[in-house]
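> Provided below for reference: sequence and predicted model.
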Amino acid sequence: MNPQPLITTTEAVDKAFYVIFGISGIAFLGITVATVYLCWRYNRKRQPLPISQKDHNIWLEVTWTVIPSLLVMVMFWYGWEGYLSLRRIPDNAVPVTASARMWSWLFTYENGKTSDKLYVPVGQPVKVLIVAEDVLHSFYVPAFRVKRDCVPGMKNYAWFVADQPGSYDLFCAEYCGVGHSKMITTVEAIPAPEFAAWLNAKPLVTDIGKELLQKHGCLGCHSLDGSRMVGPSFQGIGGRQVVVTSNGEQRTLTTDNDYLRKAIVEPGADIVEGYPPAMPAYAGRIPEEDLTGIIDYLMGLNAEGTKVETKQEHEAAEPAGKAEPAEKTEETKPAEPKAAVSDPVSRGEELAGKNACLGCHSTDGSRRVGPSLKGLMGSERTVVKDGKTLKVQADASYLIRAIREPAAEVAEGYPAAMPPYPGLSDDDIKALQAWLETLK
Amino acid sequence: MSDVTATATSDRGFFDEAKYSGIFGWIFSTDHKRIGLLYFWCIVAFFCIGVVLGLLIRLELFAPGETIMGPQAYNAAFTLHGVIMIFLFIIPGIPAAFGNLIMPIQIGARDVAFPKLNLFSWYLYITGAIMAVTSLFTGGGPPDTGWTFYVPFSAQTSTNVSLAAMAVFFLGFSSILTGLNFVTTVHRLRTTGMTWMRIPLFTWSLYATAWIQILATPVIGITVALLFAERVIGAGLFDPTQGGDPIMFQHLFWIYSHPAVYIMVLPGMGVVSDIIPVFARKPAFGYKAIVVSSLAIAFAGSLVWAHHMYTSGMSDMAVLIFSFLTFIVAIPSAIKVFNWLATLYQGSILLDPPLLYALSFILLFTIGGLTGLVLGAAATDIHVHDTYFVVGHFHFVMFGGTGMAFFAAMHYWLPKIYGRMYDKTVATVAWGVIFIGFCILYITMMVVGMQGMPRRYWDYLPEFTGLNQLATVGSWILAIGLILMFVNVFRGIFKGDPAGANPWGGASLEWQISSPPTMENFGEEDPVVTHGPYDFKKAGIL
């Protein structure tokens, strides 16, 4: 803990506001009163001829140069001091990653849990790692006076502490396209014990489809309750008739699995009538499991309201991993002897396919969403950690870090887009390593 | 000021002396006054379009949710409002229109140094303007990036950003060539006796501005050319997945666009510095200090660009340096305000419309400048950056400053150019309505920004509704004032009573010749200057 009492970001910044507004207010009042008085006193009605033709006074001019110079330096200093408070992160800050994309937020906590609202414990500082997946956004919480841009390929940070429980508005402050003004969520400050309980709670099974929609930012533009947002609502989307424009031609079709898949990976192909062609293409940005999970969930929304079959969700939840680690180890255990007996290399390859690694990482050295896996093991990697660029050796422990907590160290020049895979066991990662060793 | 005898062959002066008839007499003329009027009318037309867009934006924000247009249309509306107001109104506004009309006369010249280049600059301006307008109706629809064209969004959007970027490129060239022309004119074409310290402050401000135009504008040309390359051939300079850096675009953009703020406001300061002495019957107080502060602003203003980027993720050291430099720029601006007030002191003040507009410049620009300190200070900027506070702030500087100075210049110099006077009472009423509407509109914006409402929001949270409605009502009052003002001025210059050569009692050269001026401004002989521009005693005014 800090030895001195914690100063909130709000207090630090507001001090500068008071100083600057105070000095400015007095200056403005002085200038206004002077202008009005001079225009009244020396009005031509009262003063038919000018009293003097004096056009300079060196001491007067020196005075009104020096005094404002001193005043602006005072204001500069208070501004800088407050800014430093925004940059010095208390040691005990809880880390959260805020990931911005068109047009929603995703917050990832230390244990891999994700949410679309930012949950924070009251009274405890929170360090927010700020990343963007597509274009510029800006993380802005007016109540805490913090703002930091989300820049693709860059890792920014901010911190704040909520000293009162409550719900605080969180805005995107950097213009990001048609859904910009809808990119609003909240900071939910809850007492620390409640926060701990929330953080460690498993999500309800029926929520997993919805969690996938949140995770990929779908709900920023599509509602579940039929209300109109940037894009059409998901309510009753499965099997409904839609009018779309494809290559300038209008046609009507019925939504099915194939339609939904195309609408996600290649949204520009068929634009739903009455909506802007605003959706970014998800091709290469969404693991296959998540994609099928979302499609199944959406088709289910029509048939059974908000209820969905659980079988599909289990598959869907896998890459997110957070709900399933225990279950998954059980699943893999019987398979393990077989895998261990057989080739760890082929098991690694199988895991890579199953977990959709190859959606973003090539094996032939070509560039995709993430760096290529070719020649990865044993090479020297340049990564960005906490905003600093450093070089690390790609060894076994690096691999574990890169898979379990990919956002902590991001390969330089790549977006911080990879979701954490806490569901992979140490043995799984060893198998992956064995397979990676072969990719020279 | 000099021994000039107006040799008016006709009371319509240069209007009756054209090489060609009809429209060709205008678009092929190299006379600085005709080119100035070409600019003036185009600029006023674009200003009106910009105002209409601004009113539509305010109307959409009258209530949360969709009021009159959808989000895509709204984004296009504020982008166009910004592009038109910045590149087609404020930047060329005072220098290209009133600079061309008045500056050569003020220094006793018969035209600018390169008259044909001057006409070419206008053609570039019109070409850029036509391209900007064309971008609305062609390609993927009107640009939706905001006037700042930030990447990666501007590189990805399917709207017609490429053409708009090229339009900015052409407009930039127009601005550079005008700057070049003005610097040369001031250096080479001053008449006998027009020493540097006898140059009217308006011309001085144009001279300082011209240097920024020459030195900074090429950077915006480069920036939009790179953006064009990014869009058309995927150059990847700003794309992090290809090793580029989006922050670099912001640096390049603001290296021009911050000095551009001074391109916009310095000429306005020049107008005010010229008007106040005339209506107070007193020489400009601290003439040399005003000159030096113009040059200081031009220089120091080129070193503060990254104060638009405190939240961008650039280093804290950069924030420290740019915040410090930003406060340094505040000092010469403050000096000017004190000098203007000291000019009023012990004078004999006539509150005619040009002075009223000039005084509203001082007050509104002061608010703009002081709220700029909030944005220059690192901590406070973090909170208000990219909120409506910024929108309110720069409208105070740009509209309250440059816009008011443009109106002041209109009321001050158009009677000289057209030889006729508008109705002063109506002009005063219009001024009052504009001032009230302006304050309601933009002070409210700053308040809602302090509360945290981000800018460029098509929709907003219900808690911001009341203030947004107040701001929209302010925009209606402002619009009524503007209509009243324009109708009155334009009616006046075509149908008003003859204004006479020197309606305000000015001592600088433009008031010593006939209204309207003749083709080459002065008669057979060049004027000889024997005293300063505000020496009302020697000019025989007092």
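Cool, the structure landed.

> hey, let's count contacts and neighbours off CA atoms from now on
Will do.

> for A:T252, phi and psi?
Per-residue torsions, A:T252: phi -110, psi 130 (degrees, to the nearest 10).

> For residue 142, which residues are in contact?
In the absence of a named chain, this looks at chain A. A:D169, A:L170, B:H383, B:Q451, B:G452 (CA atoms under 8 Å, 6 or more residues apart in numbering or on different chains).

> meant chain B, my bad for not saying
B:A76, B:S135, B:L136, B:T159, B:N160, B:V161.

> Let me know the helix or strand that the nearest residue to it once chain neighbours are set aside is in.
Nearest residue to B:P142 in three dimensions, chain neighbours excluded: B:L136, at 4.1 Å (CA to CA, 6 or more residues apart in numbering or on different chains). Using DSSP states H and E, B:L136 sits within helix B:115-137.

> Which elements pack onto that helix?
Packing partners of helix B:115-137 (3 or more CA pairs under 8 Å, 6 or more residues apart in numbering or on different chains; DSSP states H and E): helix B:32-60, helix B:161-188.

> now with 7 Å?
helix B:161-188 (3 or more CA pairs under 7 Å, 6 or more residues apart in numbering or on different chains; DSSP states H and E).

> report the angle between the axes of the helix it packs on and helix B:115-137?
Inter-element angle recorded for helix B:161-188 and helix B:115-137: 160 degrees (by axes from the mean of the first three to the mean of the last three CA atoms, to 10 degrees).

> Can you list the buried residues in helix B:161-188?
By neighbour count with 16 or more other CA atoms under 10 Å in any protein chain shown, helix B:161-188 contains the buried residues B:161-183, B:185-186.

> Which neighbouring elements make contact with that helix?
Using 3+ CA pairs under 7 Å, 6+ apart: helix B:161-188 touches helix B:115-137, helix B:201-233.

> Quick one: closest of those to B:D459.
Counting by CA to CA, B:D459 lies closest to helix B:115-137 out of the helices and strands packed on helix B:161-188; the figure is 22.9 Å.

> angle of the closest one against helix B:32-60?
Angle of helix B:115-137 versus helix B:32-60, following the same axes, to 10 degrees, is 20 degrees.

> Alpha carbons of helix B:115-137, as PDB, please.
What follows is helix B:115-137, C-alpha atoms only, in PDB (Å, rounded to 0.1, in the frame of the first residue of the first chain):
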ATOM      1  CA  PRO B 115      -1.500  39.200 -59.900                       C
ATOM      2  CA  LYS B 116      -1.800  36.200 -62.200                       C
ATOM      3  CA  LEU B 117      -0.600  33.900 -59.400                       C
ATOM      4  CA  ASN B 118      -3.300  35.500 -57.300                       C
ATOM      5  CA  LEU B 119      -6.000  34.600 -59.800                       C
ATOM      6  CA  PHE B 120      -4.600  31.100 -60.100                       C
ATOM      7  CA  SER B 121      -4.900  30.800 -56.300                       C
ATOM      8  CA  TRP B 122      -8.600  31.600 -56.500                       C
ATOM      9  CA  TYR B 123      -8.900  28.900 -59.200                       C
ATOM     10  CA  LEU B 124      -7.200  26.400 -56.900                       C
ATOM     11  CA  TYR B 125      -9.600  27.400 -54.200                       C
ATOM     12  CA  ILE B 126     -12.600  26.900 -56.400                       C
ATOM     13  CA  THR B 127     -11.300  23.600 -57.700                       C
ATOM     14  CA  GLY B 128     -10.800  22.400 -54.100                       C
ATOM     15  CA  ALA B 129     -14.300  23.600 -53.200                       C
ATOM     16  CA  ILE B 130     -15.900  21.800 -56.100                       C
ATOM     17  CA  MET B 131     -14.000  18.600 -55.300                       C
ATOM     18  CA  ALA B 132     -15.200  18.800 -51.700                       C
ATOM     19  CA  VAL B 133     -18.800  19.300 -52.800                       C
ATOM     20  CA  THR B 134     -18.400  16.500 -55.400                       C
ATOM     21  CA  SER B 135     -17.200  14.100 -52.700                       C
ATOM     22  CA  LEU B 136     -20.700  14.300 -51.200                       C
ATOM     23  CA  PHE B 137     -22.500  12.800 -54.200                       C
END
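
> Identify each buried residue in whichever helix or strand comes after it, please.
Sequence-wise, the next helix or strand downstream of helix B:115-137 (DSSP H and E) is helix B:153-156. For helix B:153-156, the neighbour count (16+ other CA under 10 Å) marks B:F153, B:S154, B:A155 as buried.

> just stretch B:237-251 next, same as before
So stretch B:237-251, judged by 16+ other CA under 10 Å, has buried residues B:L237, B:F238, B:D239, B:P240, B:T241, B:G244, B:D245, B:P246, B:I247, B:F249, B:Q250, B:H251.
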